[in-house]
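> Here is a sequence with its predicted model. Questions after.
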Amino acid sequence: MIEAGQPLIQIQDLTKVFYTDEIETHALSGIHLSVNRGEYVAMSGPSGCGKSTLLSIIGLLDTPTAGRYSLNGKTVENLDFAERSRIRNQEIGFIFQSFNLIGDLTVYENVELPLTYRQRMPAADRKSRVMEALERVGMAHRIRHYPSQLSGGQQQRVAVARALGGKPSILLADEPTGNLDSRNGEAVMELLQNLHREGATICMVTHDPRFAKHAQREVHLFDGKVVAEEELRKLLQETSA
Amino acid sequence: MSGLLQDLQYAARQLRKSPGFATVAIVTLALGIGANTAIFSLLDQALLRSLPVKDVDRLVILKYSGSNIPGLLRCRTDGKFYFSYPMYRDLRDRNSVFSGLIATDWTQVGVQWHNQPDLVAAELVSGNYFDVLSLQPALGRLFAASDDLKADASPVVVLSFSYWQRRFGTDPGILNQSILVNGHPFTVVGVAPPGFHSVVLGDTPDVFVPMMMQAEVMPGSKDLDSHQSSWLNIVGKLKPGISREQAEAGVAPLWYALRSDELKSINTTGESEGFRDRFLTKSHLLVLDGARGFSPLRSDVQMPLLIVMGMVALVALMACANVGSLLLVRASGRIREMSVRYALGAKRRRVVQQLLVEGMLLGSAGGLLGMLLAPQVSSLLISMLWSGGTGDLPFSARPDLRIMLFNCSLALFASLLFSLAPAAQFWRPDLAPALKQQGTTARSGSLRFRRVSVAMQIGLSLTLLVGAGLFVRTLHNLRSLNAGFTTDHLVTFGIDPRMAGYEPVRTFALYRSVFETLSGLPGVRSVAATNDPELANDNESGNIAIAGYAEKSHEDMNVEQPNVSADYFATLQVPLLAGRAFTLQDSAESQKVAVVNESFARHFFGDPQQALGHLIGYGGATPKTDTAIVGVVKDSKHASLREPVTPTLFRPYVQLSQAQAMTFYVRTWQQPESAEGTIRRAMQTLDPNVVLDTFRTMNEQVDNNLIAERVIALLASGFGVLAALMAAVGLYGVLAYSTMQRTSEIGIRMALGATRASVVRMVLLEVLWLAGISIAVALPVSLLLMYAVRSQLYGISGSDPLTLCGMTVLVTLVALASAMLPARRAARVEPMAALRHE
């Protein structure tokens, strides 16, 4: 196991190209990135810069075209579907912009869902994990509710609980406040802040500089490349001019 | 296990949440599975199921090859399965390969109990019948060999279990009581076990009578000592460890010896060496599998049942395709859900498991509902197919374990089949975009699958409609066929006075009274009778010899020989071609006369006029030729409308030495149905103990004769319409969905100047392509299938162009009609709204 402060994620010269008909789109080009255990990183940049693509690759939802990626010390860029599923289930917690709760499952069942995909996990353990996660986000009193009976902020807190329930190595949040009003958005950011203080590793994609400031470190992307903050500002000015 | 339970709970919740979808899917599956279960239940009983007896694998049926015995006096339709009693007795007593051989025949008898007459089915059986079949009585005892040693010496009877229930209310007091069988007292010695009907499939005898009592139960028959009466089926039980092949080889010398004895015992003068060779050297006793019992019925129902089974299998396939399409529509709304499951770590197996569990739940509900529907459908079919029979129906509609297993297996198979579509859709998910999407859309693969599924449904519905068209036209051809006699205003019923204890003299007297009484009834034009009823699948044939006629080598001299009354041809309105019809002057004392049909006259004499005056003898070999042909009538259909007319020789029934059961025909002035009450009352006045059998109009008799064709046409039409409806609904679903998917594309087209008509044309063109491809594939398949069932068609070929074109046009119209609504909806798209949608 990697000690705190050591890189949990190491990405080297990562490239992602999308092929549609005869067009090649270079979504990511030569990305180098490392995220240490316990770190809170925000990835920002203008729309279409590749930040969500990068997060999908980090979350093993997508595969890179080239480059190397190791998670928790293990090379993961060429794993098969089943192994990637296992790692997603055990190492990664997702928080999506549109919450992605399953409408036909109750709050409790939604949080329990990733745990049901783990083999040989006793029901009692699952229950204690689910309740613990829901208590951390302040939603334990709503376990029998369905997502449609909750506000957007409450739904996102349930989504955070679902991500936490599996005790993952890293939380990946893709525009977690994108579908929320500012008050609920702030509440979710505070929740992530608290989780980070308790030791969670978080990687968050956001285009909102206010929320990016909550992170320890910001990674700026532009046209599929990681750029320094100063350079990004200059590029943005050039683009707008 | 807990995962499976969770999936099950979730699946149930999903179905509760979409009651409309669940209802449509479950009802569709129930129709498909229920129809299959119902037809399979009949197919199983008719073709597959073994007799409910011990050591059933050792049961065999005997059949022989080679020529029939010369001068055969009495023979069933398929002579090679029927043996004389002396042959049975010798085979039973002298073989070394069977642990037992039983003989059986079927007849109707009149039973009287407490002065209540009843016409029932009887099985005439050898004394060892129940012993060889290892059956135990439900009450009393069954027959023993001692019950069947001497002719007329054992007036005992065993009741069938259902007759005991039906007629005697399961009263054990009936034991050792005397009942009258055809007027003779018989003692009830026992009741056969429940569930057992007969060793002959399709027969449901009410009483079993020892073979030696043949004279009492078949008045006028004296076949027990005759080698020239082939009337018994023989069923045997192999000795343990002996195979059918070994038995066949083991019994061959005995068969040869017995046939040699037969040849010696009869007058074979004039028979050629070729005949001796065919009778002896080339004759073999065949030992066939008898686990399912002997069955003339099996060959009758096999093809119709297989056709109907094929049709319902296609309907079930369509139901699966339809439900698969419905599931795909639902699946397209669940892409995000499934992607989330994958994102949270679900493996493919688990996601597929979830979908299969949902499918299984739907399939189980459909199967359960189908299981409830199946007995109703079976019962309806059984009552349609065997209407007018006496006693128990040969098949039961009650489902048993085998049927339940079939139903469950079908439901399971169907669930797997239609669950494959959504499972395939989620096999290779595109997770990142699916998780980002706010809306939910299907991928092109899903639409492609739905198109294929609908194309398959269009093709299957065309196949079923072509079948329906051909079977309906077959029925129409048969119905409009000229039977050779007038079927309107004609009533028919049968009586057998011998069953009420009448002797020959009294029987003839009663028949005369019947003619006199019925002819005098108001509204009656004329009355006639025959011992060989028309269009009743009945044959009364025998060999003849013609004086001065040189028989060709191997010429079949077996002809149909009905015995009829004087006014027979006038009453049935069969035209006379030459000579005269029978008159009242043709009596037992007068010159023996015969009237032949046109086929007979043309076959033997070349022309109707040439037949007149020729002398005929009965019984083959060299009989006395003392019957003069006095008339020739036009051909008419006899056993069934389908069968070609065979040479027929009519004789006046009064010139026979033995009285027989007769079927009467009453030609009426008024509607024949209205004459029933008057006729019944008149017959009741003559003798209330004489039971009237199958009273119906001749048109009802024609309908009854065409029952198999009617059932096939009815079912084929029903399944065809159902299939077309399913295809229409499926097509509508695909088009509604694909046009919704193309809303923005249509908006852009319209923004660029496309007219509403061109949009409608675009959608309809898509349908025509789909229908065109389906039809192109389905037509050759339909032709092949129709070729396979051509024996069931009549007056029409399996590739009848009118039917093929008509059904193709019909399917195309149905496809276009189902496309109109989505097409018009697409044409109403507002370009701006569509572009905003994008």
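Cool, the structure landed.
> show me what contacts residue 106?
Because you didn't say which chain, this covers chain A. Residues near A:T106 by C-beta atoms under 8 Å, 6 or more residues apart in numbering or on different chains: A:I143, A:R144, A:H145, A:Y146. (C-beta placed from N, C-alpha, C; glycine too.)
> that's the wrong chain, I meant chain B
B:A121, B:A122, B:E123, B:L124, B:S198, B:V200, B:D203, B:P205.
> next SSE after the helix or strand hosting it?
Using DSSP states H and E, B:W106 sits in strand B:98-113. Downstream of strand B:98-113, the first helix or strand assigned by DSSP H and E is strand B:116-125.
> elements contacting that following strand?
Applying 3 or more C-beta pairs under 8 Å, 6 or more residues apart in numbering or on different chains; DSSP states H and E, we find strand B:116-125 packed against strand B:98-113, strand B:207-210, helix B:214-217.
> Quick one: these as CSV, columns for mean pLDDT too.
Converted to CSV, the helices and strands packed on strand B:116-125 look like this (pLDDT from 0 to 100):
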stretch, mean pLDDT
strand B:98-113, 90
strand B:207-210, 95
helix B:214-217, 88
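> coming back round to it: export the contacts of B:W106 as JSON lines, with columns for neighbour count, distance to B:S243 and pLDDT.
Below are the contacts of B:W106 laid out as JSON lines (neighbours: other C-beta atoms under 10 Å in any protein chain shown; distance: C-beta to C-beta, whole Å; pLDDT from 0 to 100):
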{"residue": "B:A121", "neighbour count": "21", "distance to B:S243": "35", "pLDDT": "90"}
{"residue": "B:A122", "neighbour count": "26", "distance to B:S243": "35", "pLDDT": "93"}
{"residue": "B:E123", "neighbour count": "24", "distance to B:S243": "29", "pLDDT": "94"}
{"residue": "B:L124", "neighbour count": "25", "distance to B:S243": "30", "pLDDT": "94"}
{"residue": "B:S198", "neighbour count": "23", "distance to B:S243": "26", "pLDDT": "88"}
{"residue": "B:V200", "neighbour count": "22", "distance to B:S243": "24", "pLDDT": "82"}
{"residue": "B:D203", "neighbour count": "22", "distance to B:S243": "28", "pLDDT": "80"}
{"residue": "B:P205", "neighbour count": "28", "distance to B:S243": "31", "pLDDT": "91"}
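> ok now the helix or strand encompassing B:L816, how far from the chain's centre?
According to DSSP H and E, B:L816 maps onto helix B:801-827. Per C-alpha atoms, centre = their mean, to the nearest Å, the displacement of helix B:801-827 from the mean C-alpha position of its chain is 35 Å.
> Check which residues of it are buried.
Using 16 or more other C-beta atoms under 10 Å in any protein chain shown as the test for burial, helix B:801-827 gives B:803-804, B:807-808, B:810-812, B:814-815, B:818-819, B:822-823, B:825-827.
> hang on, the earlier thing: let me know the closest of the contacts of A:T106 to B:I544.
Within the contacts of A:T106, proximity to B:I544 (C-beta to C-beta) peaks at A:Y146, which comes in at 88.3 Å.
> tell me the contacts of that closest one?
A:G103, A:D104, A:L105, A:T106, A:V107.
> what about the closest residue to the second one other than its chain neighbours, how many neighbours?
Closest residue to A:D104 in three dimensions, ignoring its sequence neighbours and counting by C-beta to C-beta, 6 or more residues apart in numbering or on different chains: B:R13, at 5.8 Å. B:R13 has 13 neighbours, counted by other C-beta atoms under 10 Å in any protein chain shown.
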